[in-house]
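K.L.:
When you get a sec, could you give me coordinates for this:
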Amino acid sequence: MGKEDSDNGKYKTIEEKPVKIDKWDTAALKNALDDGAKKVMLETYGFTESHALTDGRLLICTIAVGFAMFALIWDYLRPFPESRPVLIMCVLSYFFLMGVLTLYMTYKEKGIFLVALEKDKAKVDPDNRWELASTLRKYDDQYTLSMTYTDTASKKTRSSQITKSVASFFDENGVLCMDLYQPEVKMLKNNVSVSKKE
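P.N.:
Sure thing, here's the model as predicted:
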């Protein structure tokens, strides 16, 4: 473990247990890089993670499963064909909610894997938002990390992104090299911070 790690205690978990994945698995590559960027934002800058986006998705799923469970119980208590109208209503509701979930994930989440809140030091203004989103197409090595800053008081947003090959951050064994990836995330954050001051 390097001097910086022992002094600051940053990335202790990653240093002790490196993130190793199958380098041919696109989803695993993306998830490892997303988790690394999330770790940088939360541990280095002390931001607080907001789970509002995930909670919205879970709420839609819970309601959909609730309809499915109600249909199952109703059919048990009042066997088919008596339960037919209720089953039709529940099945249609379930598929409608799956459509709502798809729209929510496509237009609301938009690939966002982290919403971090930056507390106002004076505790006067509301928390500012940092959103991280990423894309990595199947059979492609180009990973794009996007960062958006929203000043909740003025409603102004600033964003920036980087696109690099995943080979820049993983060694030949599929281990994520945080010493190579962390500076990229920090540089992206600094670019957004500089643009928001201008």
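
K.L.:
make it CA atoms for all contacts and neighbour counts henceforth
P.N.:
Will do.

K.L.:
Helix, strand, or coil at the residue positioned nearest the centre of the chain?
P.N.:
For the chain, the residue whose C-alpha lies nearest the mean C-alpha position (Cα atoms, centre = their mean) is residue 113; its distance is 1.1 Å. Of the three states, residue 113 takes strand under DSSP: H, G, I helix; E, B strand; the rest coil.

K.L.:
thought it was touching residue 130?
P.N.:
No - counting by Cα atoms under 8 Å, residue 130 is not a contact partner of residue 113; they are 10.9 Å apart.

K.L.:
returning to what we had before: can you pull the contacts of the residue nearest to the centre of the chain?
P.N.:
The neighbourhood of residue 113, defined by Cα atoms under 8 Å, 6 or more residues apart in numbering, consists of 34, 131, 132, 133, 134.

K.L.:
can you list those residues in JSON lines and add secondary structure and distance to residue 168?
P.N.:
Compiled in JSON lines, these are given as follows (DSSP: H, G, I helix; E, B strand; the rest coil; distance: Cα to Cα, whole Å):
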{"residue": "34", "secondary structure": "helix", "distance to residue 168": "15"}
{"residue": "131", "secondary structure": "strand", "distance to residue 168": "23"}
{"residue": "132", "secondary structure": "strand", "distance to residue 168": "19"}
{"residue": "133", "secondary structure": "strand", "distance to residue 168": "19"}
{"residue": "134", "secondary structure": "strand", "distance to residue 168": "16"}
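
K.L.:
so which pair among the residues you listed is furthest apart in space?
P.N.:
The largest separation in the contacts of residue 113, counting by Cα to Cα, is between 34 and 131 at 11.9 Å.

K.L.:
so how far is residue 46 from residue 118?
P.N.:
If you measure residue 118 against residue 46 using Cα to Cα, to the nearest Å, the figure is 8 Å.

K.L.:
continuing past the longest helix along the chain, what's the next helix or strand?
P.N.:
With residue count as the measure and DSSP state H as the assignment, the chain has helix 52-77 as its longest helix. Next in sequence after helix 52-77, counting helices and strands by DSSP states H and E, comes helix 84-103.

K.L.:
in that next one, what's buried?
P.N.:
87, 90, 93, 94, 97, 101 (16 or more other Cα atoms under 10 Å).

K.L.:
Which single one of these is nearest to residue 52?
P.N.:
residue 101 (14.7 Å).

K.L.:
My read is that that closest one contacts residue 60, right?
P.N.:
Yes - in this structure, residue 101 sits in contact with residue 60. The criterion is Cα under 8 Å, and the distance is 6.5 Å.

K.L.:
Can you get me the start-to-end distance on stretch 29-48?
P.N.:
Using Cα to Cα, first and last residues of stretch 29-48 are 25 Å apart.

K.L.:
May I see the buried residues of it?
P.N.:
The neighbour-count check on stretch 29-48 (16+ other Cα under 10 Å) flags 29-30, 32-34, 36-42, 47-48 as buried.
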